[in-house]
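> Here is my input; please provide its structure:
(one chain, ligands or ions: 1)
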Amino acid sequence: MRVLVTGGAGFVGRAVVAALLEEGHEAVVLARRPDTPAARTLAARDGVRVVAGDILDPASLPSALESADAVVHLVGIISECGRQTFDRVHRLGTQHLLQAVRQTGRIRRFIHISALGTRPDAPSRYHQSKWAAEQAVRASGLDWTIFRPSLIFGPGDQFVNRFARMSRWSPILPIPGSGRGTMQPVAVEVVAAAFARALTEPRAIGRTFDLVGPEEMTLAQILDHILAACGRRRWKLRIPGPLARIQAAILEWLWPRLLKRPAPLNRDQLLMLEERNTGDPRPAIELFGLPVIRFAQGLRQMFPPAGTNAP
Ligand SMILES: NC(=O)c1ccc[n+]([C@@H]2O[C@H](COP(=O)([O-])OP(=O)(O)OC[C@H]3O[C@@H](n4cnc5c(N)ncnc54)[C@H](OP(=O)(O)O)[C@@H]3O)[C@@H](O)[C@H]2O)c1
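Presented below is the predicted three-dimensional model:
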């Protein structure tokens, strides 16, 4: 099968493309900038073609879909910047893509990434826009499957690597807010395998699956694991909610204006960090035969102890 992968040059996208190739498929990667190192590396692989396109520019989509038999839709943002708002990228962009897919009159299979905690009454605008996107997918008339991952970790991720980098120079790691929220970190290779296997699994059509790891953890526990994997000891400092929100508001204002980049922390993320956000791993494990990878086990591969070779 030839699969259009939107967001294929991103962190999750690169792993999904690798899993597709492993399952014998070909990938057409939609990227806003096909000349980035990540996109070039992908384009150099057999079975991968990178095409220029932006899901906010509907005119760029039909040519990208020309030779595709199915679509894996991974585009998403965790922080807003300029015209890349949650609502535009998640809801409007998904609507553009669904419209372009329907217009082919040929492509039926559509696999969509959402996020754990997505629901209509969610407090964060990230989750609200992901819900609007899910609803558009469900109403599309296509053969859809929706995956809702928890925090995804693996080589090249933003979350674990940011804290690991910070622990190199900082004696403290921050825990914004109450610290009571929880997550179920899931390994990127598990997420990628689910997408690749769902393509040819008719029982996945019309279903929504959580993609979560086996352990529910607070941010403090996640940081403890990261520090242990990096072989460092650091203090963890709780930043009271109001102070964290002021800090996030300043970053949200400054970063896009000064650096033209999304802020490294925003108030939406703080809302999500307060939630007990857990899911059921079993339906996806059972249907797709996914491996169970514990957080510490995945981290050992990301940060192999000195003297051992990274796999
Ligand atoms: N990482 C997690 O822990 C996690 C957890 C749950 C759900 N998710 C979801 O998983 C998906 C992938 O996340 P990720 O961590 O891989 O993020 P990522 O590394 O930032 O990848 C996102 C990709 O989307 C592309 N993109 C953004 N806006 C676009 C647009 N308007 N048109 C076309 N492409 C666009 C980005 O390209 P540029 O480089 O051009 O911006 C990038 O390649 C997202 O939908 C995210 O919400 C992630």
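> And the longest helix that the chain contains, what's buried?
Taking DSSP state H as the criterion, the chain has its longest helix at helix 241-259. Residues of helix 241-259 classed as buried under the neighbour-count rule (16 or more other C-beta atoms under 10 Å) are Ala244, Arg245, Gln247, Ala248, Leu251, Glu252, Trp255, Pro256. Any C-beta I mention is one placed from the backbone N, CA and C, and that applies to glycine too.
> export that helix as CSV, just CAs?
What follows is helix 241-259, C-alpha atoms only, in CSV (Å, rounded to 0.1, in the frame of the first residue of the first chain):
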residue,chain,number,x,y,z
GLY,A,241,0.1,27.1,39.7
PRO,A,242,-0.4,30.9,39.6
LEU,A,243,3.3,31.5,39.2
ALA,A,244,3.6,28.8,36.5
ARG,A,245,0.7,30.3,34.6
ILE,A,246,2.3,33.8,34.6
GLN,A,247,5.6,32.3,33.4
ALA,A,248,3.7,30.4,30.6
ALA,A,249,1.7,33.5,29.6
ILE,A,250,5.0,35.5,29.2
LEU,A,251,6.6,32.7,27.2
GLU,A,252,3.5,32.4,25.0
TRP,A,253,3.7,36.1,24.2
LEU,A,254,7.5,36.4,23.8
TRP,A,255,8.5,33.2,22.0
PRO,A,256,6.5,33.6,18.8
ARG,A,257,7.2,37.3,18.5
LEU,A,258,10.9,37.2,19.3
LEU,A,259,11.9,33.8,18.0
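> so after it, what's the next helix or strand?
Where DSSP states H and E defines the elements, the next helix or strand beyond helix 241-259 is helix 267-273.
> so what secondary structure elements neighbour the helix or strand that that following helix is followed by?
Where DSSP H and E defines the elements, the next helix or strand beyond helix 267-273 is helix 282-288. In terms of contacts (3 or more C-beta pairs under 8 Å, 6 or more residues apart in numbering; DSSP states H and E), helix 282-288 is packed against helix 188-198, strand 207-211.
> Buried residues, helix 282-288. List them.
Within helix 282-288, the residues scored as buried using 16+ other C-beta under 10 Å are Ala284, Ile285, Leu287, Phe288.
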